[in-house]
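S.K.: mind looking at a prediction? Sequence and model below.
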Protein chains: 2
Amino acid sequence: MKELDRATQLLEDIKQGSYRALAQGISWVENNLTGYEELLMRLDGNQNAKVVGITGPPGAGKSTLVNSLLHYWTSTGKKVAVIAVDPSSPFNYGALLGDRIRMSEFYTNPNVYIRSLATRGSLGGLNPKIIEITDIVRSAPFDYILIETVGVGQSEVEIAGLADCTIVALVPEAGDEVQTLKAGIMEIADIFVVNKADREAADTLYRNLRIMAHERAGAKTETPVIKTIATQKQGIEELASTIQTFLDTQNELPEKRLHLLTEKSWLLIQQYKMQGIDRRLLANAVKDALTLPDFNLYSFTNSYIHKLEQYGG
Amino acid sequence: MKELDRATQLLEDIKQGSYRALAQGISWVENNLTGYEELLMRLDGNQNAKVVGITGPPGAGKSTLVNSLLHYWTSTGKKVAVIAVDPSSPFNYGALLGDRIRMSEFYTNPNVYIRSLATRGSLGGLNPKIIEITDIVRSAPFDYILIETVGVGQSEVEIAGLADCTIVALVPEAGDEVQTLKAGIMEIADIFVVNKADREAADTLYRNLRIMAHERAGAKTETPVIKTIATQKQGIEELASTIQTFLDTQNELPEKRLHLLTEKSWLLIQQYKMQGIDRRLLANAVKDALTLPDFNLYSFTNSYIHKLEQYGG
């Protein structure tokens, strides 16, 4: 009962806009601290903040886009949270000093909250608690939550499953390869950005993306393609208004919400099922088994699962 | 007992080099057909074929590299299997017709076996059965197994966890962004390839990679960096010999094998734990729950897990 009260109080403070409470809530969840489950179970279904995901290959200028959107939105009075799960992002503390200094203006802006998260593996992949953390940030009075992730190699759900609007940033060099992206990226992009649009091949990439978007759309609305030069803040106002238009139409699509919630629930179940299984203990067991003359990974894993089920875990 | 005999016979045929048996074995595993578990449990620990992973962002020329390595290795009498899990790969049946025709010579080469696998999500991510399938292919008499995957956004294990040697292909445009790759990619690259080395920025990228490799290496061997122009087959012989040298030294590193086996076992446990959980049934349950006035994802998921545990699943 006491935990419930603490969780209720913390959630109330988060809703009132306390960054201190927000940081604490995230920390509860990240570290499985007492009360974190109560906090999660008390989250409202109706959260105003919209989650905008920005993804794309390394070098597509995602961070500069985030930077420009932050500038634009805060200049129009919006409150914005940034969650950086890209290990190369300057919003991430692991990044280069120079970039960090470039971003420092936002760290003191009261309308901006920046949180960097560790990635799961060294190659990226979202933080294992990204679903819960995003839901907590959604409870705070932000207008937008920007999530920056690297890569086009993650599973669909990890990027698009979290965001109300997913922006895929590409650079002109990708122009001649745009066909090869077709298989996956069209599925998750709500908006394409051709960044570094002053480069030579930008027009080709832009044209190819437009053709693809047109071919695929059929009776539906075509995926917008926006040209930006984020370093010069060109095209950012158009991008921001395209995002808002997209979000407005999304409110009318309950099936997208259902898909999103199902994916989140699936990942939460997976997390639950794997809790208590310790990677180091597993490694030790593999090491022992390897001393046997006829080690077989599948027999080993079967008997390990059997042991877990017998003795708990 | 009968399944055991069928599995033993099939494994024997695979070891003898029957592509028909190999295709059948893969199909057993892919579709959970009767006997697949027996087949997996009879795999030998000592398999000669070395697994070479090729990864990198879209447009890095991974397929052309695979193509060139195939040419080179088959011309020197090697037997090679290609597993394409990149949806954009011309080795994948989903690819463009033109690319498929370009590859067709290999489909009739008796020393080459090509298998394309569906990716998990539309954005990539390896096939859920990639571990088992690779282990089955390893039982066949190949010298090399090339696995082509897209992306630098997957979790480390998915790429590097499968391969005895991981090649990361980059293109010159990435030159000025190479610092941003540092966080993750250095961890998984056993060999760097600067492909399209005739492009202007190739020397800068090459030099930056060499510097990074040197800085990181310390007392250990530096990660090799190879320049190629895969479309003209330049640098391929050097790449092949660098791969072989790397593989030869790897044989002396038992801790890498231990790490690899632990990661594989972890993923197999996860697969096991999630079996019987049906995404469509989950979606239906979410849909029902959404009609309640105060839907909360975490309460819903908790009670869903409770129901699963009560009624099995």
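M.R.: Perfect, thanks for sending it.
S.K.: can you show me the strands along chain A?
M.R.: Counting by DSSP state E, residue ranges of the strands within chain A are A:50-55, A:80-84, A:112-116, A:144-148, A:165-170, A:191-194, A:225-227.
S.K.: can you list the domains in chain A?
M.R.: A:1-42, A:44-255, A:276-311 (automatic domain parsing).
S.K.: average pLDDT for stretch A:29-38, rounded please.
M.R.: For stretch A:29-38, mean pLDDT rounds to 88.
S.K.: what's the span of it, first residue to last?
M.R.: Criterion CA to CA, to the nearest Å; first-to-last residue distance in stretch A:29-38 is 10 Å.
S.K.: give me the contacts around it.
M.R.: A:3-4, A:6-8, A:10, A:27-28, A:39-40, A:129, A:132-133, A:136, B:298 (CB atoms under 8 Å, 6 or more residues apart in numbering or on different chains). Using the backbone N, CA and C atoms, a C-beta is placed for each residue, glycine as well.
S.K.: the closest residue to A:Val193 other than its chain neighbours: how many residues sit nearby?
M.R.: With CB to CB, 6 or more residues apart in numbering or on different chains as the criterion, A:Val193 has its nearest non-adjacent residue at 4.6 Å, and that residue is A:Ala169. Neighbour count for A:Ala169, taken as other CB atoms under 10 Å in any protein chain shown: 27.
S.K.: out of the domains of chain A, which is the most enclosed?
M.R.: With neighbours defined as mean count of other CB atoms under 10 Å in any protein chain shown, the domains of chain A peak in mean count at domain A:44-255, which reaches a mean of 20.
S.K.: mind listing what A:Ile145 touches?
M.R.: A:49-52, A:80-83, A:134, A:137-138.
S.K.: can you tell me how far the closest residue to A:Gln234 other than its chain neighbours is from A:Arg199?
M.R.: Nearest residue to A:Gln234, sequence neighbours excluded (CB to CB, 6+ apart): A:Thr228, at 6.1 Å. Computed as CB to CB, to the nearest Å, the A:Thr228 to A:Arg199 distance reads 12 Å.
S.K.: now A:Gly25
M.R.: For A:Gly25, the distance to A:Arg199 - CB to CB - is 42 Å.
S.K.: just how off-centre is the longest helix belonging to chain A within its chain?
M.R.: Ranked by number of residues, the top helix in chain A under DSSP state H is helix A:254-274. Centroid displacement of helix A:254-274 relative to its chain, using CA atoms, centre = their mean, to the nearest Å, is 15 Å.
S.K.: show me what counts as buried in it.
M.R.: For helix A:254-274, the buried set under the neighbour-count rule, 16 or more other CB atoms under 10 Å in any protein chain shown, comprises A:259-269, A:273.
S.K.: could you dump these to TSV with distance to chain B?
M.R.: Compiled in TSV, the buried residues of helix A:254-274 are given as follows (distance: CB to the nearest CB, whole Å):
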residue	distance to chain B
A:His259	8
A:Leu260	10
A:Leu261	5
A:Thr262	4
A:Glu263	9
A:Lys264	6
A:Ser265	5
A:Trp266	6
A:Leu267	9
A:Leu268	5
A:Ile269	6
A:Lys273	4
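S.K.: return the closest of those with respect to B:Ile191.
M.R.: B:Ile191 has its nearest neighbour among those in A:Leu267, at 33.7 Å by CB to CB.
S.K.: pull the contacting residues for the closest residue to that closest one other than its chain neighbours.
M.R.: Spatial nearest neighbour of A:Leu267, excluding adjacent residues (CB to CB, 6+ apart): A:Ile131 at 6.1 Å. Contact analysis of A:Ile131 by CB under 8 Å, 6+ apart lists A:162, A:264, A:267-268.
S.K.: show me where chain A has its helices.
M.R.: A:2-15, A:19-30, A:36-41, A:62-75, A:97-107, A:130-139, A:156-160, A:178-188, A:202-217, A:236-250, A:254-274, A:279-290, A:297-311.
S.K.: I figured A:Gly56 hits A:Ala169, correct?
M.R.: Yes - in this structure A:Gly56 lies within contact range of A:Ala169 using CB atoms under 8 Å: 3.6 Å.
S.K.: which residues do these two both contact?
M.R.: Common neighbours of A:Gly56 and A:Ala169 (CB under 8 Å, 6+ apart) are A:62, A:193.
S.K.: per-residue pLDDT, A:Gly218?
M.R.: pLDDT, A:Gly218: 69.
S.K.: what's the span of stretch A:52-72, first residue to last?
M.R.: Note: stretch A:52-72 ends 15 Å apart using CA to CA.
S.K.: how far is it from where the chain is centred?
M.R.: 12 Å.
S.K.: re the thing from before, how about the strands of chain A in JSON lines, adding mean pLDDT?
M.R.: Shown next, in JSON lines, are the strands of chain A (pLDDT from 0 to 100):
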{"stretch": "strand A:50-55", "mean pLDDT": "89"}
{"stretch": "strand A:80-84", "mean pLDDT": "89"}
{"stretch": "strand A:112-116", "mean pLDDT": "87"}
{"stretch": "strand A:144-148", "mean pLDDT": "91"}
{"stretch": "strand A:165-170", "mean pLDDT": "88"}
{"stretch": "strand A:191-194", "mean pLDDT": "92"}
{"stretch": "strand A:225-227", "mean pLDDT": "95"}
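S.K.: still on that earlier bit, the residue nearest to A:Val193 is in contact with A:Gly59, isn't it?
M.R.: No - the criterion here is CB under 8 Å, and A:Ala169 misses it with A:Gly59 at 9.7 Å.
S.K.: about what we covered before: confidence score at the residue nearest to A:Leu267?
M.R.: 82.
S.K.: report the separation between A:Thr245 and A:Val51.
M.R.: For A:Thr245 relative to A:Val51 (CB to CB), the value is 16 Å.
S.K.: ah, wrong one, I meant A:Asn111
M.R.: A:Asn111 is 17 Å from A:Val51, by CB to CB.
S.K.: can you check A:Ser139 too?
M.R.: Distance from A:Ser139 to A:Val51, by CB to CB: 12 Å.
S.K.: same thing with A:Ala230?
M.R.: 20 Å.
S.K.: now A:Val85
M.R.: 12 Å.
S.K.: need the residues touching each of these two.
M.R.: With CB under 8 Å, 6+ apart, A:Val85 and A:Val51 have common neighbours A:Ile147.
S.K.: just the CA trace of stretch A:196-210, in CSV.
M.R.: Written as CSV, here are the backbone C-alpha positions of stretch A:196-210 (Å, rounded to 0.1, in the frame of the first residue of the first chain):
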residue,chain,number,x,y,z
LYS,A,196,21.8,16.9,-47.0
ALA,A,197,19.7,17.9,-50.0
ASP,A,198,22.4,20.2,-51.3
ARG,A,199,24.4,17.2,-52.4
GLU,A,200,24.5,16.4,-56.1
ALA,A,201,22.5,13.1,-56.1
ALA,A,202,19.7,14.5,-53.9
ASP,A,203,17.3,15.1,-56.7
THR,A,204,17.6,11.5,-58.0
LEU,A,205,17.0,10.1,-54.5
TYR,A,206,14.0,12.4,-54.0
ARG,A,207,12.5,11.5,-57.4
ASN,A,208,13.0,7.7,-56.8
LEU,A,209,11.4,7.9,-53.3
ARG,A,210,8.5,9.8,-54.7
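S.K.: residues making contact with stretch A:268-277?
M.R.: A:128, A:131, A:308, A:312-313, B:266, B:269-270, B:273-274, B:277, B:282, B:297-298, B:301, B:304-305, B:308.
S.K.: who in the stretch 201-313 of chain A is up against chain B?
M.R.: Contacts of the stretch 201-313 of chain A with chain B, taken as CB under 8 Å from any CB of the partner chain, map to A:254, A:257-259, A:261-262, A:264-266, A:268-270, A:272-274, A:277, A:279, A:282-283, A:286-287, A:290, A:294-302, A:304-305, A:308.
S.K.: give me the below-cutoff pLDDT ranges for the stretch 101-250 of chain A.
M.R.: By pLDDT under 70, the low-scoring segments of the stretch 101-250 of chain A are A:101-105, A:107, A:118-128, A:150-161, A:173-187, A:218-219.
S.K.: could you redo the last one with a cut-off of 80?
M.R.: By pLDDT under 80, the low-scoring segments of the stretch 101-250 of chain A are A:101-108, A:116-129, A:149-162, A:171-188, A:201, A:212, A:215-221, A:250.
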